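*Asks:* I would like to see how this sequence folds:
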Amino acid sequence: SRRSRLLKAFSWATAGHGLSQAIRLGSSIVLTRLLVPEVYGLMELVWVFNTGINLLSDVGIETCIVHSRRGDEPRFLNTAWTMQVVRGGLLFFASLIGAYPMAVFFDQPQLTSLIPAVGLGAVVTGFAATSIQTERRRLNLGAVIRLELVGQVASVITQVMVALVWPTVWVFVFGFWVTTVIRLVGSFRYLDGISHRFEWDVTAIREIYEYGRWIFGSTAIHYVASSGDRLILARLLDGLSVLGVYGIAMRLQSAFLQLHGRLTTAVVFPALSEKARDFDPDDPKRAPALSRMYYKSRLGLDAVFITGAGGLVAVAIPLVGWIYDENYARAGWILQIVALQIVTAAMLRPPESLLTAVGHTKYGFFRSLSRGAWTVTALPLGWWIAGFPGLVWAVALIDVPAAFVIWPAMIRHGFFDGLRELASLGFFGVGWAVGTGLLAIF
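*Replies:* Numbers count the residues shown, from 1 in each chain. Here you go, the predicted structure:
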């Protein structure tokens, strides 16, 4: 049944992310004792560039496979895979062109070699089989998550071994390559999918374009919103040490955001898409049925993530002091502030997935547009008013303008429940009270 598959997928996604974050935290504890903050700061710039070219060229291929009625047809999947391969080659070419200007702009000569080294991974990723998306479409996440965990463990082992003998930024590049190759091989040899060949189906391309054109714009602007803080800090600060500490705080925060994103995109979105395919678009029963399913899934997510955000605000400073040495102590108060972003993301990311599941991808674009506008206005303004802390507060509130885009759309299509949205904020108070109580005891 759909319910049992949904619960199983939810369990796999939660357990897999928990293990992934435990591995990530363990590697961070070890590597921060082997590498100086400047190394993390330099790698932040590499990830900002390569993430940027990925997002600026995202036409929604993976999402369309999950959503489309043709998502299991070999001809459709071969066409999507062909587009993916072409895109990977273009991304590597973009990394070759953009590396030198980035190095000059930020006065970091190492970027001329680091950016193409990571960019070459896009070619390898482009050849990965669509079996990963097929398994997610069917809510069969077990094999996908096991493959990801194997790649992560192999990457961490590689990073620690390299750091012991060569403690430079290339530690992260070697780890990235190990993960990328394992993902490629596993997508063909371990996951259940078709044997790919190059194919060019015009109707499939048209469908992917029609569905993904708003996603393309959305992810392009999302890049500005999600990476603008790093770019601004890299230009305003002297040296990369503070950027490296800031990156540590954002990684701890993203442990929550990434799990929420994974559950939303890998569990909630496929389930809502499957439910939406049960109805004709004009069926009056569709909106109430989807709204009930949506808020039922939101209840568990809010109880975990909004409550967790409240607890994180309470314990952030002593938690960072316990995990890391004094070089990274400033990450504590940064984490305390940016944890507030978990609340707004938890309330505004799932409704975007619901709207996308019924084919309204344009709202994701407008949500990203609101975040991008906030980034280019509020972040510099925050820096001008209060310096670095002002910029951090602006980052924490980046999702607030999206409420004026997403909630009116939910109301217009008959999905919105105002009382349920208000009740979500109560979870934050519970989390803060529990966190404060734990601090008083321990």
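
*Asks:* spatially central residue for the chain, please.
*Replies:* residue 258 (5.3 Å; CA atoms, centre = their mean).

*Asks:* host element of that one?
*Replies:* According to DSSP states H and E, residue 258 maps onto helix 241-263.

*Asks:* off-centre distance for that helix?
*Replies:* The chain centroid and the centroid of helix 241-263 are separated by 10 Å under CA atoms, centre = their mean, to the nearest Å.

*Asks:* can you give me the buried ones in that helix?
*Replies:* 241-257, 259-260, 262-263 (16 or more other CB atoms under 10 Å). All C-beta spots, glycine's among them, are computed from the backbone N, C-alpha and C.

*Asks:* quick check: mean pLDDT of it?
*Replies:* The pLDDT scores in helix 241-263 average 85.

*Asks:* restricting to C-alpha, output it in PDB.
*Replies:* Extracted C-alpha coordinates of helix 241-263, given in PDB (Å, rounded to 0.1, in the frame of the first residue of the first chain):
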ATOM      1  CA  SER A 241      39.400  32.100   8.700                       C
ATOM      2  CA  VAL A 242      36.000  33.600   9.700                       C
ATOM      3  CA  LEU A 243      34.400  32.200   6.500                       C
ATOM      4  CA  GLY A 244      35.700  28.700   7.500                       C
ATOM      5  CA  VAL A 245      34.200  29.100  11.100                       C
ATOM      6  CA  TYR A 246      30.900  30.400   9.500                       C
ATOM      7  CA  GLY A 247      30.900  27.300   7.300                       C
ATOM      8  CA  ILE A 248      31.200  25.000  10.300                       C
ATOM      9  CA  ALA A 249      28.200  26.600  11.900                       C
ATOM     10  CA  MET A 250      26.200  26.400   8.700                       C
ATOM     11  CA  ARG A 251      27.100  22.700   8.300                       C
ATOM     12  CA  LEU A 252      25.700  22.000  11.800                       C
ATOM     13  CA  GLN A 253      22.500  23.900  10.900                       C
ATOM     14  CA  SER A 254      22.300  22.100   7.500                       C
ATOM     15  CA  ALA A 255      22.200  18.700   9.300                       C
ATOM     16  CA  PHE A 256      18.600  19.600  10.100                       C
ATOM     17  CA  LEU A 257      17.800  21.300   6.900                       C
ATOM     18  CA  GLN A 258      19.200  18.500   4.700                       C
ATOM     19  CA  LEU A 259      17.200  15.900   6.600                       C
ATOM     20  CA  HIS A 260      14.100  17.900   6.200                       C
ATOM     21  CA  GLY A 261      14.900  18.500   2.500                       C
ATOM     22  CA  ARG A 262      15.500  14.800   2.000                       C
ATOM     23  CA  LEU A 263      12.300  13.800   3.700                       C
END
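
*Asks:* for that helix, name the packing helices and strands.
*Replies:* helix 2-31, helix 37-55, helix 202-236, helix 286-323, helix 331-338, helix 340-357 (3 or more CB pairs under 8 Å, 6 or more residues apart in numbering; DSSP states H and E).

*Asks:* wait, which of the ones you listed is closest to residue 142?
*Replies:* helix 2-31 (5.1 Å; CB to CB).

*Asks:* tally of neighbours for residue 424?
*Replies:* As a burial measure, residue 424 scores 18 neighbours (other CB atoms under 10 Å).

*Asks:* excluding residues flanking it in the chain, which one is nearest it?
*Replies:* residue 302 (4.7 Å; CB to CB, 6 or more residues apart in numbering).

*Asks:* try residue 383
*Replies:* Closest to residue 383 by CB to CB, 6+ apart is residue 391, at 4.6 Å.

*Asks:* circling back to that earlier point, and the angle for the helix holding residue 258 with helix 340-357?
*Replies:* 40 degrees (axes from the mean of the first three to the mean of the last three CA atoms, to 10 degrees).

*Asks:* can you list contacts of the following helix or strand past helix 241-263?
*Replies:* With elements assigned by DSSP H and E, the helix or strand that comes after helix 241-263 is helix 269-276. Residues from elsewhere that reach helix 269-276 (CB atoms under 8 Å, 6 or more residues apart in numbering): 2, 5-6, 9, 63, 66-67, 136-139, 286, 289-290, 293-294, 297, 353-354, 356-359.

*Asks:* repeat that for 10 Å
*Replies:* Applying CB atoms under 10 Å, 6 or more residues apart in numbering, the external contacts of helix 269-276 come out as 2-3, 5-6, 9-10, 63, 66-69, 71, 133, 136-139, 141, 263-264, 286, 289-290, 292-294, 297, 350, 352-359.

*Asks:* may I see the PyMOL selection of the buried members of those residues?
*Replies:* Buried members of those, defined by 16+ other CB under 10 Å, are picked up in PyMOL with:
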select buried, resi 5+6+9+10+63+66+67+68+71+133+136+137+138+139+141+263+264+286+290+293+294+297+350+352+353+354+355+356+357+358
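
*Asks:* okay, now the closest residue to the residue nearest to the centre of the chain other than its chain neighbours: neighbour count?
*Replies:* In space, residue 258 comes closest to residue 17 once its chain neighbours are excluded; the distance is 6.8 Å by CB to CB, 6+ apart. Other residues near residue 17 come to 23 when the count uses other CB under 10 Å.

*Asks:* so residue 17 sits against residue 262, correct?
*Replies:* Yes: contact criterion CB atoms under 10 Å: residue 17 and residue 262 qualify, at 5.6 Å.

*Asks:* identify the contacts common to the two.
*Replies:* 145, 148.

*Asks:* wait, what's in contact with the residue nearest to residue 383?
*Replies:* 229, 232-233, 236, 246, 378-385.

*Asks:* the same query, at a cut-off of 6 Å, please.
*Replies:* 379, 382-383 (CB atoms under 6 Å, 6 or more residues apart in numbering).

*Asks:* and the pLDDT for it?
*Replies:* For residue 391, pLDDT reads 90.

*Asks:* now it: how far from residue 229?
*Replies:* Going from residue 391 to residue 229 by CB to CB, to the nearest Å gives 7 Å.

*Asks:* can you check residue 190 too?
*Replies:* For residue 190 relative to residue 229 (CB to CB), the value is 37 Å.

*Asks:* lowest-confidence helix or strand of the protein?
*Replies:* helix 202-236 (a mean of 75; mean pLDDT, DSSP states H and E).

*Asks:* once you drop chain neighbours, what's closest to residue 390?
*Replies:* residue 382 (3.5 Å).

*Asks:* ok, back up a step: residue 190 and residue 229: which is more packed in?
*Replies:* residue 229 (23 against 16).

*Asks:* name the nearest residue to that one, ignoring sequence neighbours.
*Replies:* Closest to residue 229 by CB to CB, 6+ apart is residue 395, at 5.1 Å.

*Asks:* do residue 182 as well
*Replies:* Using CB to CB, 6+ apart, the closest residue to residue 182 is residue 151 (4.0 Å).

*Asks:* surely that neighbour touches residue 179?
*Replies:* Yes: with contact defined as CB atoms under 6 Å, residue 151 counts as touching residue 179 (4.2 Å).
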